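1. give me a 3D structure for the following:
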Amino acid sequence: MPLVAAAVCPHPPLLVPEVAGAAASELDDLRAACDLAVRRLLAADPDAVVLLGVGPSTGPIRPPATGSLQPWGVDLDVPLAPGQPDRGAVLPLSLTVGAWLLARHAERPAVTAVPVTADAGPVEVAALAEQVAAAGDRVALLVLGDGSACRGEKAPGYDDQRSLPYDKRVAAALAEADLDALRDLDAGLSAQLKVAGRASWQVLAEAARSSGGGWRGELLHDSAPYGVAYFVASWERA
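-> Sure thing, here's the model as predicted:
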């Protein structure tokens, strides 16, 4: 059973206080929930942590690798691992935020960065889940992904009445570790609602299923402060 724990967090750049600036306190609760989820993840004593989030391609990024928050106005680099010899490959935003979340904790097992394309289909998702599960003897999965971006007239995708029911289904699935509900998320509807987490959540579901056994989930945070749904969840073996 290689997958021993999982955490789900969103990846808005505003999660990083230096990016949020004076508005940093608006996401204090979200930031605290992410820290709790990562602490629980590391408490499972994994020998490898896999960061999984949307990116321009599917498959592992070979280290060294570094993310940058310069596109969001802050001269801040986020290396995948401390003390790496050079910048290496470029991490997408989702994995940059994931590396930043991990860096807030002293315990640092081996880390692998694995992007997945936003439009990944079932075959691609299943193949990636197998790779993730084979990353070590005790693998922990930190999944980065936002929900719908259509929660209100000021949302990035404007207002779509389908977004709230969609997000409620995701929140319930993460809270209950409902693998089937995550696997059944519709790719077309997810794209229309500008969901950035659909493929990542489905890789999580496939990896959990392939690892066998039961899972227990807890939803630690559910909000949409800027019209984008942010979920934080912690999964452990039942």
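2. use CA for all of it now, contacts and neighbours both
-> Fine.
3. shaky segments in the protein?
-> Across the chain, the ranges flagged by pLDDT under 70 are 1.
4. kindly recompute the last result at 90.
-> Judged by pLDDT under 90, the chain has its weakly predicted residues at 1-2, 62-63, 81-88, 106-109, 131-137, 153-155, 211-213.
5. all the strands of it, residue numbers only.
-> Applying DSSP state E to the chain gives strands spanning 3-9, 48-54, 65-68, 77-79, 89-90, 110-116, 139-144, 215-223, 230-237.
6. in a markdown table: the ones you listed, plus mean neighbour count and distance to residue 164.
-> Formatted as a markdown table, the entries for the strands of the chain read as follows, by neighbours: other CA atoms under 10 Å; distance: least, CA to CA, whole Å:
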| stretch | mean neighbour count | distance to residue 164 |
| --- | --- | --- |
| strand 3-9 | 27 | 18 |
| strand 48-54 | 27 | 22 |
| strand 65-68 | 21 | 31 |
| strand 77-79 | 20 | 33 |
| strand 89-90 | 16 | 34 |
| strand 110-116 | 22 | 25 |
| strand 139-144 | 28 | 20 |
| strand 215-223 | 18 | 11 |
| strand 230-237 | 25 | 12 |
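7. with distance to residue 27 as extra columns, can I get the ones you listed in TSV?
-> Listed next are those as TSV, based on distance: least, CA to CA, whole Å:
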stretch	distance to residue 27
strand 3-9	13
strand 48-54	20
strand 65-68	20
strand 77-79	20
strand 89-90	26
strand 110-116	25
strand 139-144	16
strand 215-223	10
strand 230-237	11
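8. so which residue is smack in the middle of this structure?
-> Among the residues of the chain, residue 144 comes closest to the average C-alpha position under CA atoms, centre = their mean, at 1.1 Å.
9. for this protein, what's the longest helix?
-> helix 28-43 (DSSP state H).
10. right, I'll call it a day here.
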